[in-house]
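Student: Only the shape, not the letters, is given here:
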């Protein structure tokens, strides 16, 4: 009887250890899925400790939307200071509702360091502890500012030329933000609203191409149209394109040439925005997959069939087929080639 009791005790301890190990593995995998989703999401995800009022997590999108470093956001008061003064009290009241256990959807405006404003739609909800008390508050903030795709950033060191070009672009219906130097624009480029850059240079000095080079080096998707006085120097036009310019116009040029180049550059931005939105949808779907579904997806991307994936995972081909159907439904794919394509667009490797 003692031996039986000992065996039972050891078995119980072993099984308890197995369950704890499985729970720990599941927790780590869940945290990894959340991290991947948060880091690739265009929305800002944040978690706040209610007792200390300290930020426990702020996703990387905060820097793009707020124009501030996520590392510098430590507490609730700092976040409230970024909100437009007219919206601050209303937002604070909404936050108090969340502390009472409510889930709140509301909109407010933020003021970025460069003085521009963004309109934010936020969903804020409570996270309860095992005793039913609100332990944390979490939120999802989305930039819903309406941009009509007509923003042009004009960079020109010459005041007369800058004024003339600005007037011409405004008459064509574009919003124009003027800068007196390439460096002045590069300083704010990471946080500006998507738009086209018109760089007017005077002369054919390659050093004047520091703007497209700088944007290219930082991987900022702001197409640059270089307008310069190359005097028929084809080599300078080639240098401009190699530096990262989307187009080069040699002075003199027809007025419609500039407008055509600007329209084409802005259209390319809109196409990229739509592709990014589609990729965000797929990333969110991938992050929501179960561990087994992700294993099946990895098998499909590796070229496996239902049979080979089933053999590798130790499950039946029919189970693989069921997982595959759910994966395709979640990611909006109608066929296996389309599934591979959307997964690769979201950053996975085939």
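Tutor: Alright, I've got the coordinates. This one's a predicted model, so the numbers in the text were calculated from it and none came from an experiment.
Student: how close does residue 314 get to residue 295?
Tutor: 11 Å (CB to CB, to the nearest Å). (C-beta placed from N, C-alpha, C; glycine too.)
Student: just checking, what packs against the stretch of helix or strand residue 139 belongs to?
Tutor: Assigned by DSSP states H and E, residue 139 falls within strand 134-143. Applying 3 or more CB pairs under 8 Å, 6 or more residues apart in numbering; DSSP states H and E, one finds that strand 134-143 contacts strand 44-49, helix 85-99, strand 117-128.
Student: ranking those by burial, who's on top?
Tutor: strand 44-49 (a mean of 19; mean count of other CB atoms under 10 Å).
Student: circling back: same for the helix or strand following the strand holding residue 139, what does it pack against?
Tutor: Next helix or strand after strand 134-143 toward the C-terminus (DSSP H and E): strand 151-156. Secondary-structure packing of strand 151-156 (3+ CB pairs under 8 Å, 6+ apart): helix 159-171, strand 175-179, helix 182-188, strand 196-200.
Student: Point out where the stretch 51-200 of the chain drops to low pLDDT.
Tutor: 146-149, 191 (pLDDT under 70).
Student: ok, now with 90
Tutor: For the stretch 51-200 of the chain, the stretches with pLDDT under 90 are 51, 53, 56-77, 84-87, 90-107, 109-151, 168-177, 182-195.
Student: now the nearest residue to residue 229 once chain neighbours are set aside: how far from residue 262?
Tutor: Once flanking residues are discounted, residue 229 sits nearest to residue 251: 4.6 Å by CB to CB, 6 or more residues apart in numbering. Applying CB to CB, one obtains 16 Å for the distance of residue 251 from residue 262.
Student: cool, residue 135 as well?
Tutor: Counting by CB to CB, the gap from residue 135 to residue 262 is 51 Å.
Student: The two: which has the busier surroundings?
Tutor: The neighbour count for residue 135 versus residue 262, taken as other CB atoms under 10 Å, is higher for residue 262 (23 against 14).
Student: need the contact list for that one.
Tutor: With contact set as CB atoms under 8 Å, 6 or more residues apart in numbering, residue 262 has these partners: 152, 169, 172, 174, 196, 198, 225.
Student: Now for the fourth one, how many residues are close by?
Tutor: So that's residue 174. Residues lying near residue 174 (other CB under 10 Å) number 22.
Student: Tell me who's in contact with it.
Tutor: Contacts of residue 174 (CB under 8 Å, 6+ apart): 150, 151, 152, 262.
Student: repeat that for 10 Å
Tutor: Residues in contact with residue 174 (CB atoms under 10 Å, 6 or more residues apart in numbering) are 148-152, 154, 166, 168, 195-196, 198, 259, 262-263, 266.
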